[in-house]
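1. what's the 3D shape of this:
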Amino acid sequence: MTRKQARYQTIAYEIAKRVVAYQLEVGDKLRGRSMLASEFNVSSETVRKAMRLLANLGVVEVKKRSGIYVISRRAAEMYVDQYRKQNESHLLFTDTLDLLEESERTHRLMKEHVKRLLETSKNDVFPFDFFTIRLEEDDAHLGETLKDLKFWNQTYGLVLAIEADGQLYQAPNPKMPLESGMVLYVLGDDTVEARTREIFKGAENTAQ
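-> Now for the predicted structure:
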């Protein structure tokens, strides 16, 4: 799983940026560890990790009892580029997670609302009519989908849910194949119901 950059990596990146921007020249000596710790408001140990990372990448050289010196601008450029790509990937990952979570939340709310609609009696304060229709083996259009039928265009009805094999599919996928035994929960008045029954049952059965 992608994670946020560690603090010492961020400090290494900031120093590498200074090298790339010519604020630090090759051969320059960096400020002492305690001064860098104070500047970045971190512990000396965090600065030590940052310097070790830059040393491993060939950006600086740590000389005992002498200090830390910049040795390569090219290595600094490579680390800056690497850091930015990793950061962009992290942002893309977290944004994608946020979108997925929002999508799941929206879908969950939709299911809850549909469930409440289905549980509301026609005789209650529910302002819209809905009806159910069970598909039988000799009905027309089995194996097709609501999208194939252009159901809304033909009936002006909205399929709130489909019950199949004991499972209630709320806000169903319009590409779900229609099968015998399915029960459609349709939002619409008597006219919509008549049109729906005509599509599946034929004109002679619309009064059922």
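2. who touches stretch 43-51?
-> With contacts defined as CB atoms under 8 Å, 6 or more residues apart in numbering, stretch 43-51 is touched by 7-9, 11-12, 15, 30, 33-34, 36-37, 40, 60, 62, 68. The C-beta positions use only the backbone N, C-alpha and C, and glycine is treated the same way.
3. In a helix, A50, correct?
-> Yes: remark: A50 belongs to a helix, assigned using DSSP: H, G, I helix; E, B strand; the rest coil.
4. and it, how far is that from A75?
-> Applying CB to CB, to the nearest Å, one obtains 14 Å for the distance of A50 from A75.
5. Looking at those two now, which is surrounded by more residues?
-> Of the pair A50 and A75, A50 is the one with more neighbours under other CB atoms under 10 Å, namely 27 against 17.
6. Next one: the more buried one, what pLDDT does it get?
-> Model confidence at A50, expressed as pLDDT, equals 92.
7. From T96, how far off is it?
-> Using CB to CB, we find A50 at a distance of 29 Å from T96.
8. ditto for K150
-> K150 sits at a distance of 33 Å from T96 (criterion: CB to CB).
9. ok, now V70?
-> With distances taken as CB to CB, V70 is found 37 Å from T96.
10. Check E104 too.
-> When CB to CB is the yardstick, E104 and T96 sit 13 Å from each other.
11. now swap in D139 and tell me
-> Look at D139 and T96: by CB to CB, they are 42 Å apart.
12. neighbour count winner among these two?
-> Neighbour comparison, D139 and T96: the larger count goes to D139, with 18 against 11 (by other CB under 10 Å).
13. Which of the helices or strands spans that one?
-> D139 is located outside every helix and strand, with elements delineated by DSSP states H and E.
14. any chance you could read off phi and psi for it?
-> Main-chain dihedrals, D139, degrees, to the nearest 10: phi -70, psi 160.
15. How about it: what's its closest non-neighbour residue?
-> Counting by CB to CB, 6 or more residues apart in numbering, the nearest residue to D139 once its immediate chain neighbours are dropped is F200, at 4.5 Å.
16. okay but the one you found is in contact with D138, surely?
-> No: counting by CB atoms under 8 Å, F200 sits too far from D138 to count as a contact (9.9 Å).
17. Comparing those two, which residue is more hemmed in?
-> More neighbours sit around F200 than around the other of F200 and D138, counting by other CB under 10 Å; the figures are 19 against 10.
18. name the element that one belongs to?
-> F200 is part of helix 190-201, with elements assigned from DSSP H and E.
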